[in-house]
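Undergrad: Provide a 3D model corresponding to the input given below.
(chains A and B)
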Amino acid sequence: MNRREWIIFLALAASPAPSVKGNVTANVVGAANAFLATLSPAEQAKCTFGFTSSQRTGWSNLPTGIFKRNGLRFGDLKPPQREAALKLVAAALSREGYQKVTDIMNGDEVLKNAGGGRTGGRPSQGIRFGLDEYYIALLGTPSASTPWMIQFGGHHLAINVTIAGASSVMTPSLPAAQPAKYILNGQTVRPLGRENDKGFALINALNAAQLKKAVLNYEVKDLVLGPGNDGKVIQPEGILASELDASQQAMLLDIAHEWVGILNDEAANAKMAEIKANLPQTYFAWSGATKNGGLAYYRIQGPTLIIEYAPQSGDVDHIHTIYRDPTNDYGAKLVTK
Amino acid sequence: MKTLFAAVCLWLAMVFPAAAHRLDEYLQATRLAIDIARVDVEIDLTPGVSVASKVFGWIDTNRDGEISRAEGEAYAHAMLRSAVLKADGSTMPLKFEECSFPTFQEMSAGVGTIRLRARAAISAAAPGRHQISFLNMHRPEWSVYLVNVLVPENHRLQFGEQRRDVAQHGLILDYTVTGDGPEDRTLALYLGLGMAGCLLLRLGISRREKAKQPV
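TA: Numbering: from 1, shown residues only, chains lettered A, B, ... in the order given. Predicted coordinates:
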């Protein structure tokens, strides 16, 4: 499959039908077994890990050559295998979430083709990224009752979905984008455009007193709780959601949904209900420009939620984000039930 | 056609510069875990692509292309000497605990992180208001900083306002220690012993009075 076919394939493949309540896990298990059935025994062995293995925390947003991913590399899969793998990812995610993942992956291919990301022009260092460099791994045995996990990612993307019975969680995950805006098939694509625009919309909806609390008086130039910081919770800052009016609270929830809603609708709705219940203890903090297009960092932090949005190295065209639940990363609560 | 292709490639290269990762900055991210009698300090240092050689050179002092344990620890100690931690205004020495270093390849790609861990013993904080401050002035010419405190695991600590400078070289945290400290436990012990003594005394008196009563 050539590059163009790959991108079109990603755009078209695996568009999931809206899930019937309660059927999500069955659909995902079915898609996982269908994917495994396309693999040889050797490929299956390479793709599967124990649920509690160290592979669980072995994810990164970094490119191949810098970070060694385990699992099956997309570039090594045959077209039917890739299609089955993407159908599995799509089954676990919402329609919008799968589109976001697709946009991030296509962006990475665009970056590769543009010669970017070679860290100062040193391709000989073996740093690789783009569509072929995404990996998929399964931890545990796909099951409708016992916990298991789908790990999917590559450069600028790490999706960790833990499934336990009818529940699923997607924390921790790292959706990122470089370029943050590109043109594909005549269409402008902004993989994290809504995250950007909704953040700026909220900060501009605050009054002077609220801004004083929400805007940090210092620069934040990167993620505070990026990869490798599992289990850490920083002291929250910013304005409490209880000090926002109803419309502003709705805007805050809408921002959070951009991350939460990557996961399938059933699980995302449950998570949003939890976030809404915790809203009085949830903080919104902002650092940087308040005019859309400027360089700005923001963080949403509640008892069961940490979201960070951080432009990298002063570049609005290179965004990293992180989505965590300090109480339920890797489905910790589901597994101990 | 070839000319058009070359022009498109040139345009793309201009639009998307080679910048997948940090470039000319040395990211220094610090997290402070504060407890009653100690502060654990985690410092992650990530040099950008264009400063990686320089940073590697600071550490690899014998220029053999690798960071030995001795070289790594020497750099870690030097870094810690650039940082100041104060508890209630008094400087507390940062004791080196451990460190790990990436390869030159990782560093030169702008993604290699030096992980440094240290600890400062502080006087067991009595109930009341206290303050911790941290200042990192290591290599300020190229650096960007993050500094945060972790949510306390000890329920007796209640964190108040955090203050930072714009560049996050430093942080000042006001916090309160609530009761159940060592002093409170001693007081509770004395009170308990006193009450037990009173009870025993009262019991003894009542027995004596009963014994005096006529049968």
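Undergrad: distance of B:Glu71 from chain A?
TA: Remark: distance between B:Glu71 and chain A (CB to the nearest CB, to the nearest Å) = 22 Å. C-beta: built from backbone N, CA, C; applies to glycine.
Undergrad: List phi and psi for that residue.
TA: Main-chain dihedrals, B:Glu71, degrees, to the nearest 10: phi -60, psi -40.
Undergrad: Pull up the gap between it and A:Ile150, please.
TA: Computed as CB to CB, to the nearest Å, the B:Glu71 to A:Ile150 distance reads 41 Å.
Undergrad: Neighbour count for these two, which is higher?
TA: A:Ile150 (27 against 17; other CB atoms under 10 Å in any protein chain shown).
Undergrad: Now the more buried one: which helix or strand?
TA: Assigned by DSSP states H and E, A:Ile150 falls within strand A:148-154.
Undergrad: for chain A, what spans make up the helices?
TA: For chain A, the helices defined by DSSP state H occupy A:3-12, A:24-37, A:41-47, A:79-92, A:95-113, A:193-205, A:208-214, A:246-260, A:265-277, A:332-336.
Undergrad: how about those, which one is nearest A:Ala176?
TA: helix A:95-113 (6.9 Å; CB to CB).
Undergrad: Out of the helices of chain A, which is closest to chain B?
TA: For the helices of chain A, the distance to chain B is smallest for helix A:95-113, at 5.8 Å, taking CB to the nearest CB.
Undergrad: In that closest one, which residues are buried?
TA: A:95, A:97-112 (16 or more other CB atoms under 10 Å in any protein chain shown).
Undergrad: Same question for stretch A:134-146.
TA: A:Tyr134, A:Tyr135, A:Ile136, A:Ala137, A:Leu138, A:Leu139, A:Gly140, A:Pro142, A:Ser143.
Undergrad: repeat for stretch A:73-90
TA: For stretch A:73-90, by 16+ other CB under 10 Å, it's A:73-75, A:77, A:81-90.
Undergrad: okay, A:Arg324: pLDDT?
TA: For A:Arg324, the pLDDT comes out at 98.
Undergrad: What of A:Ala144?
TA: 95.
Undergrad: Next one: it relative to A:Val29, how far apart?
TA: 5 Å.
Undergrad: for B:Leu193, same thing?
TA: Counting by CB to CB, the gap from B:Leu193 to A:Val29 is 63 Å.
Undergrad: who's more crowded, these two?
TA: Neighbours around B:Leu193 and A:Val29, counted as other CB under 10 Å, are more numerous at A:Val29. The numbers are 19 against 10.
Undergrad: For the more buried one, which residues are in contact?
TA: By CB atoms under 8 Å, 6 or more residues apart in numbering or on different chains, the residues touching A:Val29 are A:Pro142, A:Ser143, A:Ala144, A:Ile163.
Undergrad: Output these in CSV, with distance to chain B appended to each entry.
TA: Below are the contacts of A:Val29 laid out as CSV (distance: CB to the nearest CB, whole Å):
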residue, distance to chain B
A:Pro142, 33
A:Ser143, 34
A:Ala144, 36
A:Ile163, 29
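Undergrad: any chance you could map the helices in chain B?
TA: B:2-15, B:49-59, B:69-81, B:104-108, B:182-212.
Undergrad: Which elements pack onto the third one?
TA: Contacts defined by 3 or more CB pairs under 8 Å, 6 or more residues apart in numbering or on different chains; DSSP states H and E place helix B:69-81 against helix B:49-59, strand B:95-100, strand B:114-121.
Undergrad: Show me which residues of the first one are buried.
TA: Read that as helix B:49-59. Neighbour-count burial for helix B:49-59 [16+ other CB under 10 Å]: B:Val49, B:Ser50, B:Val51, B:Ala52, B:Val55, B:Phe56, B:Ile59.
Undergrad: now the residues you listed in TSV, with distance to A:Leu36 and pLDDT?
TA: Converted to TSV, those look like this (distance: CB to CB, whole Å; pLDDT from 0 to 100):
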residue	distance to A:Leu36	pLDDT
B:Val49	40	83
B:Ser50	45	84
B:Val51	45	90
B:Ala52	41	90
B:Val55	45	93
B:Phe56	44	93
B:Ile59	46	95
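Undergrad: ok, which of these also contact chain A?
TA: B:Val49, B:Ser50 (CB under 8 Å from any CB of the partner chain).
Undergrad: Just give me the closest of the buried residues of helix B:49-59 to chain A.
TA: Using CB to the nearest CB, those come closest to chain A at B:Val49, 4.7 Å.
Undergrad: isn't that closest one right up against B:Leu23?
TA: Yes: applying CB atoms under 8 Å as the test, B:Val49 and B:Leu23 come out as touching, 5.2 Å apart.
Undergrad: ok, for residue 27, nearest residue in space, not its chain neighbours?
TA: This is for chain A. A:Ala91 (5.0 Å; CB to CB, 6 or more residues apart in numbering or on different chains).
Undergrad: that's the wrong chain, I meant chain B
TA: B:Leu27's closest residue in space is B:Thr46 (CB to CB, 6+ apart), at 4.3 Å.
Undergrad: so the one you found touches B:Leu23, yeah?
TA: No: checked against CB under 8 Å, the pair B:Thr46 and B:Leu23 is beyond contact range at 11.5 Å.
Undergrad: tally of neighbours for A:Asn264?
TA: 27.
Undergrad: Equivalent analysis for A:Leu334, please.
TA: A:Leu334, neighbours per other CB under 10 Å, totals 17.
Undergrad: For B:Glu153, which non-adjacent residue is closest in space?
TA: B:Asp35 (7.2 Å).
Undergrad: Would you quantify the distance from the one you found to B:Val151?
TA: When B:Asp35 is compared with B:Val151 (using CB to CB), they lie 12 Å apart.
Undergrad: circling back: would you check that the residue nearest to B:Glu153 makes contact with B:Asn154?
TA: Yes: contact status for B:Asp35 versus B:Asn154: in contact at 5.3 Å, counting by CB under 8 Å.
Undergrad: Quick test: name the residue nearest the centre of chain A.
TA: A:Pro175 (3.5 Å; CA atoms, centre = their mean).
Undergrad: Not counting its neighbours along the chain, what's nearest that one?
TA: Nearest one to A:Pro175, counting by CB to CB, 6+ apart, is A:Thr321 at 5.5 Å.
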